[in-house]
Each structure stands twice: as structure tokens, then as C-alpha cells.
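Participant: Kindly generate the corresponding structure for this input.
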Amino acid sequence: MRILIFGDSITQGFWDLEYGGWAQRVRKDYDKVSVKNLAGSLPEFFNLGIVGDTTADLVKRLPYEIDARRTPDDPFILIFAVGINDTQFAGDEVLATPDNYRDELSVLANAARHYSDKLLFIGLAPVDDTLCSPWAHSPTGVSFKNERILEFEGELRKFCIEKDIPCVQIFEKFQAAQQENNLLVDGLHPNDAGHQLIADLVKPELDKLL
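Facilitator: Here you go, the predicted structure:
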């Protein structure tokens, strides 16, 4: 089974200093089992997160990424963790609306189903509003706000229910844990503990698809 994980910089692994992100942490758990049973069927992981990607960006590259990794006898699980960049805005200018996001999710899922019926969406994580309005590390002064992120998250959850696609909900658990201990490096990207929390939420849902 080939597991392709698509997303943005959070999926790519910014700024996990120990394992390289939640996707790599999930892979690590399966690798521990695999090395004890080298003759068994080993899941192959491909982290296809790219910094700055929006859902529309992912739609464009999806077929090329999948076709480059196809084999005759190895089916796919396709994981999508995208949307936080869709929520960005600068002043009164927005990159996308929640309706735009939902439309792109539909295009993405329809395209993905040409390759696999095993799909998994990962919900959006919260940010630190005080550090992201605007985000200090943006050269163009873009902002992220939890109020707006929740609007997009709501569209993702409704979409997954309607299309019968499993969705790992991150926002509330991450926000609750964030109130106890800081889980963000720069207000936007998780630290080691934040990536581990996401990995802990994703793995049980991935187990169900394997």
C-alpha cells in the first residue's frame, strides 16, 4: 500500500526539529512495526507537502504526483491536509472564500477518486491570533485568524459528511492543548509537541484504511 500525504508547509514538517513533521511521525510508528516483519506487506509513505500550497495548487499537481508514483499492483491511500493557506487575507482582500474552498475540495476529491476509494482529509489547526494578524514572518503582510479558519473548517466537515469521506478533526483538541502548553513555533506552524498531537489524531484513522 502506498500512502501519499498531500498538504502545505505544516504537512511538509515546518518546524519539527525531532522527526520532520506529523506525517513523518505517523510513518515512524509504522516503520517500527515494519522492521520487525520485513517479509510482510510494508506501507510506503510519500510526504508531498509543499510550503504555501492552497487547495487549488494541490488540484493542479495531484495527477502528476500520483502518476509518478503508480505501480501496477500497489494501491493508494490518499491523505489531504490543506486549507490553511486558503484562509489567508491581507486587509480587505481575501485569497479565497469558504465557498471557493468547498468547490476546490469537490474538484480534489473527484480527481482523487479516479485513483483510489481510500481518501482521508485532515482538518485545519488553529493559529495564535496575536501573532498572525498580520503574521510576522510574511513578506507580504498576510494574516490568519481563527474565526476565519473555523469557517473553512466548517465547510470541510460538511463536505466530508456529505461525501462519506473520513475527516480527522484537529482544531478543538489542538486549541485546548495549546491553552495548557504552547504548541506553535511562530503562531502558525506547530512545534514538536504540536506535530505529535496531530500525528496521534491521524494514525487511528489511517489504521482504519489499511
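Participant: contacts, neighbours, all on C-alpha from now
Facilitator: Will do.
Participant: From G187, how far out is the residue nearest the centre of the chain?
Facilitator: By C-alpha atoms, centre = their mean, the mean C-alpha position of the chain lies nearest to A81, the distance being 1.8 Å. Shown here: A81 relative to G187, a distance of 18 Å by C-alpha to C-alpha, to the nearest Å.
Participant: next one: H137
Facilitator: 10 Å.
Participant: Of the two, which one has the most company?
Facilitator: G187 (21 against 13; other C-alpha atoms under 10 Å).
Participant: what packs against the lowest-mean-pLDDT helix or strand in the chain?
Facilitator: Across the helices and strands of the chain, the lowest-confidence element by mean pLDDT, DSSP states H and E is helix 22-34, at a mean of 91. Applying 3 or more C-alpha pairs under 8 Å, 6 or more residues apart in numbering; DSSP states H and E, one finds that helix 22-34 makes contact with helix 9-12, strand 44-49, helix 192-209.
Participant: buried residues in that helix?
Facilitator: Neighbour counts using 16 or more other C-alpha atoms under 10 Å place 22-27, 30-31 of helix 22-34 among the buried residues.
Participant: Could you tell me the angle between that helix and strand 44-49?
Facilitator: Relative orientation of helix 22-34 versus strand 44-49 (axes from the mean of the first three to the mean of the last three C-alpha atoms, to 10 degrees): 170 degrees.
Participant: How far does stretch 105-123 stretch from one end to the other?
Facilitator: Stretch 105-123: ends 12 Å apart by C-alpha to C-alpha.
Participant: where does this structure dip in pLDDT?
Facilitator: 39-40 (pLDDT under 70).
Participant: could you pull out the helices for it?
Facilitator: Here the chain has its helices, by DSSP state H, at 9-12, 22-34, 55-67, 98-112, 146-163, 171-180, 192-209.
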